[in-house]
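A.B. asks: build me a structure from this.
(one chain, ligands or ions: 1)
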Amino acid sequence: MPTILITGAGRGLGLELARRFVALGWETLGTVRDPAKGAAMPKGSQTFLCDVTDRAALARLARDLAGKPIDVLFCNAGMFGKRQQALGSVDYELWAEVMRVNVFAPMACVEALAGNVAASARRQVVMMSSRMGSMGENAAGGEVVYRSSKAALNAVTKSLSIDLAPRGITVVAVHPGWVQTDMGGPKAALTPEASVAGLSQVVLGLSPALNGSFLNHDGVPIAW
Ligand SMILES: NC(=O)c1ccc[n+]([C@@H]2O[C@H](COP(=O)([O-])OP(=O)(O)OC[C@H]3O[C@@H](n4cnc5c(N)ncnc54)[C@H](OP(=O)(O)O)[C@@H]3O)[C@@H](O)[C@H]2O)c1
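C.D. replies: Presented below is the predicted three-dimensional model:
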């Protein structure tokens, strides 16, 4: 039975991913930062407390999981920050926080757990990015805080795909679509179930041939 570890698994897409992989029969581990959120995790999954921006918490998680192979490390936790920050009133403190959560944390998760992934059969890392981080597809402008964080995460993904290739690890970035979660809002195009139905197929279909790619939830490549 393969093992997946999903960060930010207490609500939204992370929770739906946990439900899906439990249903698929995978050993499913999820991180939450609030113990109350752990109660939402599906039966059969295992919950770990971890704020992914907290290096000590990540070191604790790595200690708790020492020697445990992780087939898929799914770095899902993320934040948007304030919407539509007008030129002239950019909140730089918030921007720094978004970078800590969306860029530094996934990198630190990989640093903490790469050994577990390398010890597994599948050896895959999936970064939850966003089409909003694509330079090639940015025709609308705006949202510089979130866009720049996901663009930086894409750069991290690409470099890790090269750096970890000698250890047989495949690293990809994915876009879940615009999804009805706290972040996406109720008007979003997709339900979490529909998004995760696609994302889980993407995960199941991952192979070294896809190393270093940026994939939509339907598996179609997205321009960096
Ligand atoms: N929804 C969309 O339309 C959409 C589109 C493109 C990309 N995405 C990406 O998909 C991912 C999940 O988004 P979502 O829509 O499910 O958002 P969400 O409903 O707002 O959930 C965000 C998740 O990230 C966790 N998180 C945030 N900061 C954290 C931290 N410091 N440590 C640990 N966990 C933290 C949250 O945990 P708490 O419950 O503890 O806050 C929560 O589980 C994000 O990376 C997001 O950027 C979403």
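A.B. asks: list the buried residues in the worst-scoring helix or strand of the chain on mean pLDDT.
C.D. replies: Least confident helix or strand, the chain: helix 35-38 with a mean of 88, by mean pLDDT, DSSP states H and E. Under the neighbour-count criterion of 16 or more other C-beta atoms under 10 Å, helix 35-38 has 37, 38 buried. Any C-beta I mention is one placed from the backbone N, CA and C, and that applies to glycine too.
A.B. asks: try stretch 181-199
C.D. replies: 181, 183, 184, 188, 190, 192, 194, 195, 196, 198, 199.
A.B. asks: tell me which parts of the chain are close to the ligand?
C.D. replies: 7-8, 10-14, 32-34, 37, 51-53, 76-79, 101, 128, 130, 175-176, 178-179, 181-184, 188 (C-beta under 6 Å from any ligand atom).
A.B. asks: with distance to residue 160 added, can I get the buried residues of stretch 181-199 in CSV?
C.D. replies: Formatted as CSV, these follow (distance: C-beta to C-beta, whole Å):
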residue, distance to residue 160
181, 26
183, 24
184, 26
188, 29
190, 27
192, 26
194, 28
195, 23
196, 23
198, 23
199, 19
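A.B. asks: show me those residues that map onto helices.
C.D. replies: 192, 194, 195, 196, 198, 199 (DSSP state H).
A.B. asks: looking at the chain, which residue lies furthest from center?
C.D. replies: In the chain, counting by C-alpha atoms, centre = their mean, residue 88 sits farthest out from the average C-alpha position, at 31.1 Å.
A.B. asks: can you classify it as helix, strand or coil?
C.D. replies: coil (DSSP: H, G, I helix; E, B strand; the rest coil).
A.B. asks: contact partners of the helix or strand encompassing residue 15?
C.D. replies: Residue 15 is part of helix 12-23, with elements assigned from DSSP states H and E. By C-beta atoms under 8 Å, 6 or more residues apart in numbering, the list of residues contacting helix 12-23 from outside reads 4, 6-9, 28, 30, 40-45, 74, 76-77, 128, 176, 179, 181-183, 192-193, 195-197, 199-200.
A.B. asks: got the buried residues for that helix?
C.D. replies: Those would be 12, 13, 14, 15, 16, 17, 18, 19, 20, 21, 22, for helix 12-23 by 16+ other C-beta under 10 Å.
A.B. asks: swap in stretch 83-101?
C.D. replies: 85, 95, 97, 98, 99, 100, 101.
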